[in-house]
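# just coords:
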């Protein structure tokens with residue numbers, strides 16, 4: 001698997017000598033297509049064949065331990081890494097002490113088992129097979145055995161179930177929960193504006209969120225201060241809103257036609273999307289060339305970034321200030 005990366009690279013987390021990568025560069029290669037690849041602010045990691053491989057700030061090149069066998073899920077922020085293994089155990093690695101792999105004490109019921117984890121800046125969220133939700137280690141007033149996708153931003157969490165329903169909780173001060181208000185929610189709450197629309201995937205940025213429907217329509221909500229929602233071409237327009245508290249359809253300019261969106265990913269303040277012609281589009285903050293090589297700092301609507309027609313795109317991944325396209 002080839003990983004094309006661009007953007008902020010001060011700590012060599014993108015495996016390049018350049019502190020800023022101006023264009024998509026295949027600087028990271030992964031032998032195992034089943035690998036897990038994550039990008040943080042100061043490091044990136046690859047989990048493959050019971051081994052953790054690192055690029056970036058003050059991290060070892062490899063971590064090899066029996067504790068790392070059969071890992072199913074990996075999530076991280078700038079301070080620690082959380083891993084979930086096939087036994088349902090959660091492990092933690094502190095970034096400032098990476099050789100120490102500790103097991104997170106069990107906080108769920110004996111008859112239950114953790115199946116999903118996600119780490120944000122202010123919360124770590126776990127979903128169990130019985131549908132219980134925990135912010136470690138508090139159990140929330142919510143239960144849904146059909147949750148299949150879990151994503152966390154800096155202060156909020158979005159969940160997607162098998163039926164295409166989307167739920168959110170956490171801080172809502174920038175509209176990132178999608179409930180039409182700026183209120184916080186202690187437990188997951190259905191996003192009513194998306195009810196009846198079958199959503200197949202979700203993406204979460206620092207304070208913004210996206211949902212992708214089975215029909216290829218893209219919905220956005222949350223903070224739009226840098227244009228990361230892709231809704232407007234002019235920040236001085238009377239219609240420009242820095243906060244969008246209700247999910248809204250995004251229209252990507254594509255030569256007059258309305259394209260289907262296949263994949264979407266969010267950085268801290270930018271968003272990238274793969275269209276059905278295999279071209280990557282993006283919007284939002286561009287200070288570190290995470291979108292294009294221009295000197296334009298913010299793009300308030302989606303623009304074409306790169307044509308990946310010669311590649312088979314598997315997934316999109318964003319670090320806080322960088323973008324990655326994983327190809328077969």
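Sure, I can see it. No experiment lies behind these values; they were computed from the predicted model shown.

# Bridged to the closest residue to residue 139 other than its chain neighbours, which residues?
Distances taken as Cβ to Cβ, 6 or more residues apart in numbering put residue 132 closest to residue 139, at 6.1 Å, once the chain neighbours are dropped. (Each C-beta comes from the backbone N, C-alpha and C, glycine too.) Here residue 132 sits in beta bridges with residue 143, going by DSSP bridges.

# Enumerate every residue touching residue 132.
108-109, 112, 139-140, 142-143 (Cβ atoms under 8 Å, 6 or more residues apart in numbering).

# repeat that with 10 Å
Under the criterion of Cβ atoms under 10 Å, 6 or more residues apart in numbering, the neighbours of residue 132 are 108-109, 112, 114, 126, 139-140, 142-145, 147.

# State the distance from it to residue 187.
Using Cβ to Cβ, to the nearest Å, residue 132 is found at 11 Å from residue 187.

# Could you do residue 205 as well?
22 Å.

# need the helices for the chain, in chain order.
Counting by DSSP state H, the chain has no helices to list.

# residue ranges with poor pLDDT in the chain?
33-34, 255-256 (pLDDT under 70).

# how does it look with 80?
32-34, 57-58, 233, 238, 253-258 (pLDDT under 80).

# hang on, the earlier thing: pull out the buried residues from the contacts of residue 132.
Restricting the contacts of residue 132 to buried positions leaves 108, 114, 126, 139-140, 142, 144, 147, with burial counted as 16 or more other Cβ atoms under 10 Å.

# Residue 205 and residue 187: who's more crowded?
More neighbours surround residue 205 than the other of residue 205 and residue 187, with 29 against 14 (other Cβ atoms under 10 Å).

# and stretch 148-160, how far out from the chain's middle?
How far stretch 148-160 lies from its chain's middle: 9 Å, per Cα atoms, centre = their mean, to the nearest Å.

# An error on my part: the question was meant for stretch 271-283.
Here the centre of stretch 271-283 is set off from its chain's centre by 15 Å, with Cα atoms, centre = their mean.

# got it, and stretch 134-143?
That offset, for stretch 134-143, works out to 21 Å (Cα atoms, centre = their mean).

# now swap in stretch 304-312 and tell me
Remark: stretch 304-312 is offset 20 Å from the chain centroid, using Cα atoms, centre = their mean.

# ends of it, how far apart?
One end of stretch 304-312 sits 18 Å from the other (Cα to Cα, to the nearest Å).

# ditto for stretch 26-35
Chord length of stretch 26-35, first to last residue, is 16 Å (Cα to Cα).

# how many neighbours does the nearest residue to residue 200 once chain neighbours are set aside have?
Nearest residue to residue 200, sequence neighbours excluded (Cβ to Cβ, 6+ apart): residue 214, at 4.8 Å. When counting by other Cβ under 10 Å, one arrives at 11 neighbours for residue 214.

# Who are the contact partners of residue 214?
164, 197-201.

# mind running it again at 8 Å?
164, 198-200.

# Could I get the phi/psi values of it?
When read as degrees, to the nearest 10, the backbone of residue 214 gives phi -70, psi -20.

# Residue 170 - nearest residue in space that isn't next to it in sequence?
In space, and not counting its chain neighbours, residue 170 is closest to residue 156: 3.5 Å by Cβ to Cβ, 6+ apart.

# again with residue 245
Counting by Cβ to Cβ, 6+ apart, the residue nearest residue 245 is residue 175, at 3.4 Å.

# Test my guess that that neighbour contacts residue 220.
No. The criterion here is Cβ atoms under 8 Å, and residue 175 misses it with residue 220 at 10.2 Å.
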